Every structure is written in structure tokens, then in C-alpha cells.
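# Dropping the sequence and predicted coords here.
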Amino acid sequence: MSELLVTILTPCFNSAKTIEKTLECVEKQTYTNIEYIIIDGGSTDDTLKIINCHREKLPRRFTLISEKDSGIYDAMNKGINLASGELIGIVNSDDWYEPDTVEQVIAHYNREKYQVIYGMQRTYADGREKSTFIYHHAFLPEQMITHPTCFVTKAAYEEFGVFDLRYRSSADLELMLRFYDTKKVTFTPVMRVLSNFRLGGMSSSQKGVRESAKIRYERGYLSKKRYCFILLKSHLYEWLHG
């Protein structure tokens with residue numbers, strides 16, 4: 001088991017303010033057989049300079065690609081296609097893993113061909129710790145699991161597909177529901193903090209709320225009446241707080 005290769009992906013774009021902590025979390029992993037792939041969207045700030053300063057500390061298996069892409073999910077898909085690891089984790093450039101995250105994932109990996117291992121997520125707002133939580137996959141149709149903590153077998157992506165680029169903010173939800181609906185993917189929760197997440201971004205905006213509702217409606221988990229109510233409520237919230 002100690003020889004198993006794990007791939008960690010980081011999509012980024014103009015992430016100079018936050019990416020150093022992400023790089024350091026990869027460097028400090030207690031499990032060392034790691035392939036690290038960074039997919040940069042053509043940053044114009046100091047992102048690439050910071051990455052290059054860390055090259056000597058990063059895993060020996062390291063790939064950096066910097067080119068324009070069609071958004072974060074496109075970058076993730078590029079990384080998944082390049083990955084050589086049996087398991088693939090994605091840590092965004094403003095998030096970071098715990099030092100033993102990969103070690104914990106390996107400990108809970110039971111060699112299922114199609115497996116998603118996920119754990120607890122600690123969230124921060126304005127630099128302050130706000131919450132630590134996990135949502136069980138049994139309730140995935142109602143509540144997204146903690147995607148920043150997920151490690152997915154390469155075989156699951158190969159068999160059931162990668163992120164659907166039609167969705168700009170909730171493609172992770174659509175992907176996990178796609179896995180869930182196959183009844184062939186094993187979801188394994190880990191009751192330990194695996195990822196630290198800075199709140200904000202499109203997925204937590206009202207656009208993200210509406211897109212998530214659309215995905216659940218299209219997959220049969222929301223009635224038309226409930227879907228329309230969520231859309232109305234979301235637009236009203238934007239109007240009141242805009």
C-alpha cells in the first residue's frame with residue numbers, strides 16, 4: 001500500500017495572495033509518494049514566480065502547465081487527464097490540506113475500483129475559523145458533500161466522466177450526483193479534517209445556488225414547484241442585498 005501513487009491537483013489563476021499556503025501543505029504531507037500537478041490559467045501576477053520558488057521542495061513528480069483555459073473545471077479536467085495516480089485529490093489555490101490528509105485517505109482506501117474518499121472540512125471567513133463539518137453522502141441529493149476533501153479513483157473518472165463544463169459553479173455537485181446515481185461508486189467518509197477552505201467564490205453565490213438547484217431538478221431530485229421556489233427566493237435575495 002505504501003507504494004500507491006496519489007495525484008494532487010491545483011487549478012489556479014492569479015493566486016499570488018494565497019497559493020503559498022497551498023504549496024506548503026503539499027510539501028508537508030506525511031505521505032510522500034505524491035504526484036503534484038498545477039494547472040495555471042495564464043496568471044499575470046506573481047503566481048508562477050511563487051511556484052518556481054517552491055520547485056525544490058515540491059514532490060519529485062511535479063508538472064506545471066500555464067495556459068489559458070475555460071475556467072476552473074476545465075483546469076481540473078486537464079489535470080485529471082494528466083494524472084498518473086490511482087487516487088486523485090484536488091486542492092484549490094486558496095485552500096490547504098492538513099499534513100496527514102493523504103495518509104488518512106490511504107488508510108481509508110479499500111482498493112475499490114470506483115471510490116470517493118472524503119472527510120471533514122474546516123472553513124474560514126475573513127481569516128477566522130467559522131465551522132468544521134461533514135455532510136454524509138447518503139444525503140447527497142439534498143446536500144453536497146465536502147468536495148474540497150474528496151479523493152477519487154482515476155478509474156471512476158475514466159468510467160463515469162469528468163466535470164461537465166456546461167456548469168460554471170456547481171459542476172462538482174453534478175459530478176458527485178452522477179457518481180452517486182450509478183450505484184457503483186463507493187463513498188467512504190473520514191471523520192477527520194482533511195481540507196481547509198476559505199469561504200467565498202461563485203459556488204457560494206446566488207448563481208451557484210440556482211445552478212445547484214437546476215442540477216438537482218434535472219436529475220429528478222427536485223420537483224418543478226420546489227425548483228421554481230428556489231429560483232424565486234434566490235433572485236429575491238439578490239434584489240434585496242444587491
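Alright, I've got the coordinates.
# How about residues contacting the biggest helix by length in the chain?
In the chain, assigned by DSSP state H, the helix with the most residues is helix 224-241. Outside helix 224-241, the residues that touch it by Cβ atoms under 8 Å, 6 or more residues apart in numbering are 206, 209, 210, 213, 214, 216, 217, 222. C-betas here are computed from N, CA, C, even on glycine.
# List of residues touching the longest strand along the chain?
Taking DSSP state E as the criterion, the chain has its longest strand at strand 186-198. Strand 186-198 has contacts (Cβ under 8 Å, 6+ apart) with 18, 91, 94-98, 100-101, 104-105, 108-110, 112, 114-125, 132, 134, 136-137, 140, 145-146, 148-149, 179-180.
# Just the buried positions in the helix or strand just after it, please.
Counting by DSSP states H and E, the next helix or strand C-terminal to strand 186-198 is helix 206-218. In terms of neighbour count (16 or more other Cβ atoms under 10 Å), helix 206-218 has its buried residues at 206, 208, 209, 210, 211, 212, 213, 214, 215, 216, 217.
# helices and strands around helix 206-218, which ones?
In terms of contacts (3 or more Cβ pairs under 8 Å, 6 or more residues apart in numbering; DSSP states H and E), helix 206-218 is packed against helix 171-182, helix 224-241.
# Next up, the contacts around the residue nearest to the spatial centre of the chain.
The centroid of the chain falls nearest to residue 148 when counting by Cα atoms, centre = their mean (3.9 Å). Applying Cβ under 8 Å, 6+ apart to residue 148 gives the contacts 90, 91, 92, 95, 121, 195, 197.
# give me the number of residues near the residue nearest to the fifth one when sequence neighbours are not counted?
I take that to be residue 121. Distances taken as Cβ to Cβ, 6 or more residues apart in numbering place residue 146 nearest to residue 121, at 3.9 Å, with adjacent residues excluded. Number of residues near residue 146 (other Cβ atoms under 10 Å) recorded here: 20.
# got it, and residue 150?
22.
# Equivalent analysis for residue 56, please.
Residue 56 - counted by other Cβ under 10 Å - has 7 other residues nearby.
# before we move on, what about residue 106?
For residue 106, the neighbour count with other Cβ under 10 Å is 18.
# Run through the chain and note the low-pLDDT ranges.
1-2, 201-204, 242 (pLDDT under 70).
# quick one, strands of it?
Under DSSP E, the chain gives strands at 6-12, 34-40, 61-66, 87-90, 96-97, 115-125, 128-133, 151-153, 186-198.
# From the contact counts, what lies against the fifth one?
This points to strand 96-97. Using 3+ Cβ pairs under 8 Å, 6+ apart: strand 96-97 touches helix 19-27, strand 186-198.
# Fine, thanks again, bye for now.
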